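**Student:** just to be clear, the model below is a prediction. Sequence and coordinates:
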Amino acid sequence: MSKKIALITGISGQDGAYLAKFLLKKNYTVIGTDRRSARSNNWRLLDLKIFDKVIIEDLDITEINNLIRIFQKYKIDEVYNLAAQSFVKSSFENPIQTSIVNALSPLSFLEIIRNQKNKIKFYQASTSEMFGKHKSNKQNELTSFHPRSPYATSKTFAHYSVQNYREAYKIFAVSGILFNHESPLRGEEFITRKITIGLSKIISGKQKKIKLGNIYAKRDWGFAGDYVEAMWKMLQTNKPKDYVIASGKNYSVKDFINTATKILNLKTKWVGKGLNEKLYNIKNKKVIIEIDKKYFRPTEVETLKGDYLKAKRELNWKPKTNFKTLVKMMVEADMKRN
């Protein structure tokens, strides 16, 4: 029996790297797309010791002719579209490019797959940010969307495109509505890594303080390594459906900070309110975290918490890594690096 061939866009990112490792263990041939295929830009694949086990095609997924050539070159069985402009704050600064990458590229994939003779399964990375200004305690597959950023609106377009092509053309296309998923491989621009890197550098004397925005925003945080299994499981079902993937619990950014400082045995104290709130290192009485209004979003999403009951029931999936273990994993990795 020949190996299945999987195409992963954004293979050099956090999710792409973990998914590639997972699929290699399942005996897949893994092809990844990346706009920067230089070895230094694939540090996650190197970190997971799989760089030499995957095929990397250097291409821009916003160019449809590039995508067509990939499908002509390989007999692809499954596509995992993980490539995106995924930093929410940047989407406010570059809304057009964000929409081209996040909305139109998935549409190009769907259109190409629709015209292929062989049956190709397609996974689209949707996001909990689509729920935005919701009115529910927990968000599931039936919760209405109210996106609050160019990133979220672009992802919502792609999400509905998947539904439309699935219904109109009967292609096997699904979306995974993943809530925040972190790891030691998370990008440094994301708040969780900003915190763990910053604290490790403060301890080593390489940095004085961390500046943050809304520390009271609550998110449902899970481990990316757990979540990629759910992506794969969605494409192994008999009927294509969309699924929420989450931990079912949420914590504030402040909770993340407090958990990290406890793991590091840093004795700290919060002082002040609002923009004047600061975290002090009790030992040397120095400020290690302060609030800066430039890091606030123009429209904030205050709280998100996912309901993964459908995935548990139909995919036999549930998260394996709890919040404290996740934070510990990230803190320890950045302490070794810094």
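**Tutor:** Everything's here; your move.
**Student:** run a quick neighbour tally on E63.
**Tutor:** Using other C-beta atoms under 10 Å, E63 has 12 neighbouring residues. (Each C-beta comes from the backbone N, C-alpha and C, glycine too.)
**Student:** for T299, which three-state class applies?
**Tutor:** At T299, secondary structure determined by DSSP: H, G, I helix; E, B strand; the rest coil is coil.
**Student:** right, and the helix or strand after the worst-scoring helix or strand of the chain on mean pLDDT?
**Tutor:** Every helix and strand in the chain was compared by mean pLDDT, DSSP states H and E; the lowest is helix 88-93, with a mean of 83. Following helix 88-93 in sequence order, the next helix or strand is helix 95-99 (DSSP states H and E).
**Student:** export the stretch of helix or strand A260 belongs to to PDB, keeping only CA atoms.
**Tutor:** Secondary structure from DSSP H and E places A260 in helix 253-263. Coordinates of the C-alpha atoms in helix 253-263 are reproduced here as PDB (Å, rounded to 0.1, in the frame of the first residue of the first chain):
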ATOM      1  CA  VAL A 253      -3.200  36.800  30.700                       C
ATOM      2  CA  LYS A 254      -2.600  37.800  34.300                       C
ATOM      3  CA  ASP A 255      -3.300  34.200  35.400                       C
ATOM      4  CA  PHE A 256      -0.700  33.100  32.800                       C
ATOM      5  CA  ILE A 257       1.900  35.600  34.300                       C
ATOM      6  CA  ASN A 258       1.200  34.500  37.900                       C
ATOM      7  CA  THR A 259       1.500  30.800  37.000                       C
ATOM      8  CA  ALA A 260       4.800  31.500  35.200                       C
ATOM      9  CA  THR A 261       6.300  33.500  38.100                       C
ATOM     10  CA  LYS A 262       5.400  30.800  40.600                       C
ATOM     11  CA  ILE A 263       7.000  28.100  38.400                       C
END
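**Student:** check the offset of the least confident helix or strand of the chain from the chain's centre.
**Tutor:** 15 Å (C-alpha atoms, centre = their mean, to the nearest Å).
**Student:** same for the helix holding A260, what does it pack against?
**Tutor:** Applying 3 or more C-beta pairs under 8 Å, 6 or more residues apart in numbering; DSSP states H and E, we find helix 253-263 packed against helix 191-204, strand 268-271, helix 323-337.
**Student:** which of these sits closest to K249?
**Tutor:** helix 323-337 (6.7 Å; C-beta to C-beta).
**Student:** which residues are in contact with the closest one?
**Tutor:** Helix 323-337 has contacts (C-beta atoms under 8 Å, 6 or more residues apart in numbering) with 182-184, 186, 192-193, 196-197, 199-200, 203, 221-223, 247, 249, 251, 256, 259-260, 263-264, 321.
**Student:** again with stretch 183-201
**Tutor:** Contacts of stretch 183-201 (C-beta under 8 Å, 6+ apart): 13-14, 17-18, 44, 47-48, 86-87, 90, 182, 207, 209-210, 212, 221, 223-225, 253, 256-257, 260-261, 264, 266, 288-289, 326-327, 329-331, 333-335, 337-338.
**Student:** on that earlier part again, so which other helices or strands are in contact with the least confident helix or strand of the chain?
**Tutor:** By 3+ C-beta pairs under 8 Å, 6+ apart, helix 88-93 packs against helix 150-169.
**Student:** how about the helix it packs on: buried residues?
**Tutor:** Buried residues in helix 150-169, defined by neighbour count with 16 or more other C-beta atoms under 10 Å: 150-159, 161-162, 165-166.
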